[in-house]
Structure formats: C-alpha cells, structure tokens
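# any chance you could fold what I've pasted below:
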Amino acid sequence: MNTLRLCFWAIALFVATLVLHTRHNTFPFYYHPDEPGKVEQVLGMRPWNFHHPMLLLSTTKLIASSARTEQTVVETGRWVSAAFTAGAVVALSLLGYMWRGWVVAILAGLTLMLHHQLFELSHYMKEDTSLLFGITVAFLGAYVFLQRPGTAAAMLLGAGCGLAISGKYLGVITLVIAVPVLCRRNVKGQPWLTAFVTMLLVFVTVNFPMLCDLNTFASSFSRETRLVVEGQGEMTQSVPHTRYWSIFLTNTTPVIWVLLLVVMRAAFIRRRDWSMIHWIILLFPFVFAIALSFSPKDNDRYFLPATALFTLLAAVGVGEIARHFVGRERIVEIIVGSLLILAQLPSWTSDRGGLIKYWQAFQRDDTGELTAWLRDNTKPTDILAKDKKVRLPNTERHGVGPSASPLPNTILEEEYAADIGSIPELRAKGVTHVLITESTYKKFERAGLKPKEGEVTKYESRKLFYATLRRDFDPVRVWPRSTVIYLHPGLEVYRIAP
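Here you go, the predicted structure:
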C-alpha cells in the first residue's frame with residue numbers, strides 16, 4: 001500500500017511540476033544567446049558541436065522529429081528541460097521520504113516545485129536541468145543501495161551517473177558519490193561492475209553521435225575546459241571569488257538558512273548515527289559551491305545542484321525541529337513546513353528571488369515592446385547601432401507575435417556597440433540611434449571583473465564608449481534591467497544624430 005501511495009505521489013508531483021514550469025515559455029527562440037545554436041543543431045541546419053553531452057539535444061530531437069520551425073523546436077526543448085526538472089524534484093522528494101518519511105517528502109517536493117531558480121531554468125533549452133536530473137537520480141540510487149544493496153540499486157546508481165555525465169561534462173562529479181558507496185566492504189558481489197556497465201550503456205546510448213566524431217568532441221571538450229579555467233569572453237576575475245555567496249543568498253530564504261543550521265547541529269550531535277550517504281548529501285552542496293568559486297567563469301545557473309540539495313536539507317530540518325516537541329511533532333511540522341513552502345513565493349532580495357516575481361517576469365517582453373517602439377518612433381531611413389544582446393528580429397529570426405517581423409531600418413550589430421565605432425565615427429556612418437543593454441555595459445562597472453591579458457586596450461575603449469554615451473546623451477527610452485534578463489536585459493535607446 002505504501003508503495004502505491006509513493007507511486008501516486010511521484011506521478012502527481014511530476015505532472016504538477018511539469019505543468020507549472022512550462023507556463024509562459026513561448027518567448028522567441030533568439031532571446032537566449034545559446035538557444036538558436038541548439039535549435040539549428042536539432043533541425044540539422046548545422047552539425048553537432050558537442051559543447052555539452054547529448055542528453056538534452058538527443059531527447060529534444062527524438063520528441064521534435066517532425067518539427068520544422070525554430071520556435072517549435074525551442075518550445076519542445078523547453079518542455080524537455082521542464083521534464084528533467086520535474087524528474088529531479090520527484091527524485092529528491094523520494095530521497096526525503098527514505099530519509100525522514102512522508103512529511104519531508106511532501107515538503108521537499110512542494111518547496112522545490114515552487115522554487116524560483118528551478119522554475120526559471122525550466123524555461124530555457126539549456127543543459128542545467130538535465131545535469132540536475134542525473135545528479136538527483138545518482139543520489140537516490142546511492143541511498144537505495146546503502147539501504148538495500150542489490151543489482152537493481154546498483155543499476156539505478158549507475159544510470160544516474162550516466163545521465164549526469166550525459167547532461168553536462170561536470171556530471172562526472174557523481175562518481176564522487178558513487179565510488180565510496182559502491183566500494184563498501186560489507187557489500188556482496190561486484191556491484192561496482194553492474195553500476196559501471198549500466199553507466200556506460202546509458203552514456204553510449206545517449207551520446208552515440210558524439211562518440212562517432214571524436215575529433216569534434218575533443219575540440220569542444222578542450223574549449224569548455226579552457227572557459228572554466230580562464231573565464232568567458234575577454235574578461236576574467238581572480239579566484240577564489242565570493243560571487244556564489246550572493247548567489248546562495250539569492251536562491252535561498254531566511255527560513256532555509258535557519259533550517260540548514262538546524263540540520264548541521266543535528267549532524268554534529270548525532271554524528272555517530274549518521275550514515276555515509278547522509279554525510280555525502282549534507283556536504284555535497286557546500287563543497288560544490290566552494291569548487292565553483294575557483295572558476296572565473298560564473299553564472300547563477302551553475303549553482304542549481306547546490307540550490308536543490310540545500311532545499312532538500314531544509315525540508316529535513318523541519319523534521320529535526322519537530323523532534324524536540326514530543327507530542328506536538330505534527331503541528332510543529334505543519335507550521336514550520338508551511339513557512340518553508342510559503343517563503344518561496346515572495347522576493348527576499350531587492351532584485352531577484354520569489355516565484356511570483358519570476359512568474360510575472362515571464363509574462364512581459366521588453367524586447368517586443370522595444371521593437372514596437374522603434375517601429376513607431378523611427379524612420380525607415382534611420383540607422384541603428386546596437387549591442388548584440390539587444391536581440392531585435394531580423395530576416396533570420398522570425399520569432400512569434402506581430403512585433404517579431406524584421407524592422408525596415410539598417411541595423412549595425414557587434415557584441416559591443418562600442419566596436420562599431422566611437423560616437424563621432426558612428427555619426428559619420430549615418431547612425432541615428434544607439435541601442436545598448438545594461439547587461440553589457442555593467443560588465444565594465446562590476447567589481448572583480450578585469451580584462452584578460454592582451455585585451456586591456458579593447459576593454460578600456462569599450463568602457464570609455466559606454467561612459468561617454470551615457471554621460472553626454474540622455475536616453476529617449478529605457479526598459480530597466482530586471483528579473484529574467486533574457487526578457488528584461490535593461491534596454492536603453494539613445495539618439496546621437498545632431
């Protein structure tokens with residue numbers, strides 16, 4: 001009977017998460033800088049580049065086999081991302097059940113389902129959710145194996161590792177979970193062989209195209225490694241840095257902070273009673289976050305596995321608090337658990353966080369409004385110079401909606417509008433308007449970022465351009481940068497024509 005209830009809960013949680021996380025995911029495919037390239041690979045418009053393993057793209061291609069447009073493929077890919085998120089939420093909820101029973105299972109499931117970071121990343125055709133899915137399956141397999149060692153548990157653990165490595169190259173960290181679990185001396189047979197064969201079968205099945213083109217794979221893997229070590233683009237930063245401390249604060253709540261302290265206190269007091277897997281789950285997100293701080297390439301989405309594990313630990317903390325109220329455990333769990341869940345809805349920081357804020361952000365489209373404004377407030381003969389992150393529709397980007405057709409203006413585009421020329425040079429070229437994004441020029445104001453060796457001249461030139469433009473001209477229209485930067489990157493329009 002309990003197994004039947006668990007199955008019903010897992011299915012209901014998966015469906016509810018999938019439905020919630022696929023709302024408002026129809027914004028144009030070219031808003032996210034990485035999605036057009038993935039879409040073109042799925043459609044066969046360009047060869048596989050293997051910047052990441054194939055789990056996301058292979059699954060999307062299988063489901064979207066009849067798709068013919070970029071927008072259809074990207075929306076399918078976003079549904080796949082949301083499905084991976086839903087699977088991860090279910091895996092962590094089941095893990096919570098095995099650890100502390102039904103209360104923790106329900107709290108973990110609902111809190112993760114309503115978490116703004118999981119909700120946001122489900123809306124992109126990106127590999128972060130596929131990595132999370134593999135990691136959570138590996139954790140679930142490790143827990144099952146330590147409770148009931150056997151072939152099925154070893155296969156589940158191996159499948160989780162295979163899925164994680166197929167999600168992103170970083171998924172190899174699941175071996176840190178699997179190896180100590182499988183090498184326990186009191187386990188009969190050779191479970192490590194079962195897990196390894198399963199992992200290999202999953203990896204080969206998912207990544208067969210990559211294994212058939214090892215030269216491209218080697219080149220792409222080298223590229224990804226170089227980005228991790230050196231940073232992305234022309235800028236880098238000193239390591240270790242504290243960027244992920246602010247990301248931790250953004251992706252957690254005061255309720256989670258308190259509950260994490262409760263779990264750490266319980267671990268210290270009952271340290272002899274905690275098994276290996278409990279310690280692995282507790283330490284993993286902290287070690288993972290510290291490891292991230294040693295790479296100059298940073299992004300809050302890289303923090304997703306730590307976010308998910310911290311949230312699970314917070315749910316466990318509810319059970320730890322209830323232990324101290326003998327006879328009133330249930331009411332304490334209801335009160336503290338409700339606080340944990342409800343804390344996911346509002347924003348706890350000035351600019352980020354809170355499911356409500358992200359839900360609202362995905363319903364607004366600043367780029368669409370900018371396109372309509374330009375259509376109404378510029379002449380067809382006006383020439384526009386813009387940052388690449390101002391993602392206006394063009395003949396290769398059809399998008400969706402009435403404002404998505406290409407503008408009649410001549411548009412000059414570079415990664416940085418500064419690279420098109422100085423203000424006098426732009427005027428000489430007949431440029432009437434400059435369109436920039438806060439996401440671009442803020443790079444030159446952020447503490448900790450600095451140019452790579454050999455990029456100092458370009459860095460200073462770009463920095464001067466944006467400073468001059470914003471000092472000497474008043475913007476004629478501004479859409480402030482806000483939650484979900486791909487829809488709200490901070491758009492500013494300047495008229496520079498005499």
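
# measure stretch 486-498 end to end?
Start-to-end span of stretch 486-498 (Cα to Cα, to the nearest Å) is 32 Å.

# what segments of the stretch 251-400 of the chain are helices?
Ranges of helices within the stretch 251-400 of the chain are 254-269, 276-292, 304-322, 329-342, 355-361, 366-377, based on DSSP state H, counting those that start in this stretch.

# which parts of the fifth one are buried?
This points to helix 355-361. For helix 355-361, the neighbour count (16 or more other Cβ atoms under 10 Å) marks 355, 357, 358, 359, 361 as buried. Using the backbone N, CA and C atoms, a C-beta is placed for each residue, glycine as well.

# just the element for residue 458, please.
Residue 458 belongs to helix 456-472 when elements are defined using DSSP states H and E.

# could I get the average pLDDT for that helix?
For helix 456-472, the mean pLDDT works out to 93.

# cool, and stretch 34-44?
92.

# can I get the helix holding residue 458 in CSV, CA atoms only?
The C-alpha coordinates for helix 456-472 follow below in CSV (Å, rounded to 0.1, in the frame of the first residue of the first chain):
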residue,chain,number,x,y,z
VAL,A,456,43.3,45.7,-22.0
THR,A,457,43.1,48.2,-25.0
LYS,A,458,39.7,46.9,-26.2
TYR,A,459,38.4,46.8,-22.6
GLU,A,460,39.4,50.5,-22.0
SER,A,461,38.0,51.6,-25.4
ARG,A,462,34.6,49.9,-24.7
LYS,A,463,34.4,51.2,-21.2
LEU,A,464,35.1,54.7,-22.4
PHE,A,465,32.4,54.4,-25.2
TYR,A,466,29.6,53.5,-22.8
ALA,A,467,30.7,56.0,-20.2
THR,A,468,30.7,58.8,-22.9
LEU,A,469,27.4,57.7,-24.4
ARG,A,470,25.6,57.7,-21.0
ARG,A,471,27.3,60.9,-19.8
ASP,A,472,26.7,63.1,-22.9
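
# for it, which outside residues touch it?
234-235, 416-419, 422-423, 434, 436, 440-441, 444, 451, 492, 494, 496 (Cβ atoms under 8 Å, 6 or more residues apart in numbering).

# equivalent analysis for stretch 195-208, please.
Against stretch 195-208 from outside (Cβ under 8 Å, 6+ apart): 53-55, 58, 154-155, 157-159, 161-163, 165-166, 178, 182, 211.

# sorry, back to before: farthest pair within the buried residues of helix 355-361?
Spanning the widest gap among those are 355 and 361, at 10.6 Å by Cβ to Cβ.

# returning to what we had before: just put the helices of the stretch 251-400 of the chain in TSV and tack on mean pLDDT.
Formatted as TSV, the helices of the stretch 251-400 of the chain follow (pLDDT from 0 to 100):
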stretch	mean pLDDT
helix 254-269	95
helix 276-292	95
helix 304-322	96
helix 329-342	93
helix 355-361	95
helix 366-377	94
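
# any chance of JSON lines for the buried residues of helix 355-361, columns distance to residue 267?
Formatted as JSON lines, these follow (distance: Cβ to Cβ, whole Å):
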{"residue": "355", "distance to residue 267": "29"}
{"residue": "357", "distance to residue 267": "33"}
{"residue": "358", "distance to residue 267": "32"}
{"residue": "359", "distance to residue 267": "35"}
{"residue": "361", "distance to residue 267": "37"}
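
# show me the helices in the stretch 51-200 of the chain, by range?
Under DSSP H, counting those that start in this stretch, the stretch 51-200 of the chain gives helices at 55-63, 70-100, 102-113, 116-121, 128-147, 151-167, 174-182, 191-206.

# any idea which helix or strand comes after the last one?
In other words, helix 191-206. Proceeding N to C from helix 191-206, the next assigned helix or strand is helix 208-211, under DSSP H and E.

# in TSV: the helices of the stretch 51-200 of the chain, plus mean pLDDT.
Shown next, in TSV, are these (pLDDT from 0 to 100):
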stretch	mean pLDDT
helix 55-63	96
helix 70-100	96
helix 102-113	97
helix 116-121	97
helix 128-147	96
helix 151-167	96
helix 174-182	93
helix 191-206	95
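
# out of those helices, flag the one nearest residue 264.
Residue 264 lies closest, by Cβ to Cβ, to one member of the helices of the stretch 51-200 of the chain: helix 70-100, at 15.4 Å.

# give me the buried stretch members for the closest one, please.
Residues 70-71, 73-100 are the ones in helix 70-100 that count as buried (16+ other Cβ under 10 Å).

# what distance do you get for residue 178 to residue 137?
Distance, residue 178 to residue 137, by Cβ to Cβ, to the nearest Å: 11 Å.

# my error: substitute residue 370 in the last question.
With Cβ to Cβ as the criterion, residue 370 and residue 137 are 42 Å apart.

# okay, the two: which has more neighbours?
Shown here are residue 370 and residue 137; by other Cβ atoms under 10 Å, residue 137 has more neighbours (25 against 20).

# report the contact partners of that one.
If you count contacts by Cβ under 8 Å, 6+ apart, residue 137 has them with 87, 88, 91, 156, 159, 160, 163, 164.

# ok, the residues you listed vs residue 221, which is closest?
Nearest member of those to residue 221, counting by Cβ to Cβ, is residue 164, at 16.0 Å.

# on that earlier part again, list residues touching both of residue 355 and residue 361?
Common contacts of residue 355 and residue 361, defined by Cβ under 8 Å, 6+ apart, are absent altogether.

# circling back: looking at the contacts of helix 456-472, which are in strands?
Among the contacts of helix 456-472, DSSP state E puts 235, 434, 436, 451, 492, 494 in strands.

# once you drop chain neighbours, what's closest to the fifth one?
Translated: residue 492. Distances taken as Cβ to Cβ, 6 or more residues apart in numbering place residue 475 nearest to residue 492, at 4.7 Å, with adjacent residues excluded.

# centroid-nearest residue for this structure?
With distances taken as Cα atoms, centre = their mean, the residue of the chain nearest its centroid is residue 301 (3.4 Å).

# so it touches residue 121, yeah?
Yes: shown here, residue 301 and residue 121 form a contact pair, counting by Cβ atoms under 8 Å, at 5.7 Å.

# shared neighbours of those two, anything?
Overlap of the contact sets of residue 301 and residue 121 (by Cβ under 8 Å, 6+ apart) consists of residue 128.

# tell me the buried residues in stretch 193-205?
Residues 194, 195, 196, 198, 199, 202, 203 are the ones in stretch 193-205 that count as buried (16+ other Cβ under 10 Å).

# who are the contact partners of the residue nearest to residue 492?
Going by Cβ under 8 Å, 6+ apart, residue 475 touches 492, 493, 494.

# would you turn these into TSV with distance to residue 173 and pLDDT?
Below are the contacts of residue 475 laid out as TSV (distance: Cβ to Cβ, whole Å; pLDDT from 0 to 100):
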residue	distance to residue 173	pLDDT
492	40	97
493	44	97
494	45	97
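
# what about the nearest residue to residue 114 once chain neighbours are set aside, distance to residue 272?
In this structure, residue 114 finds its nearest non-sequential neighbour in residue 344, 4.2 Å apart by Cβ to Cβ, 6+ apart. When distance is defined by Cβ to Cβ, residue 344 is 34 Å away from residue 272.
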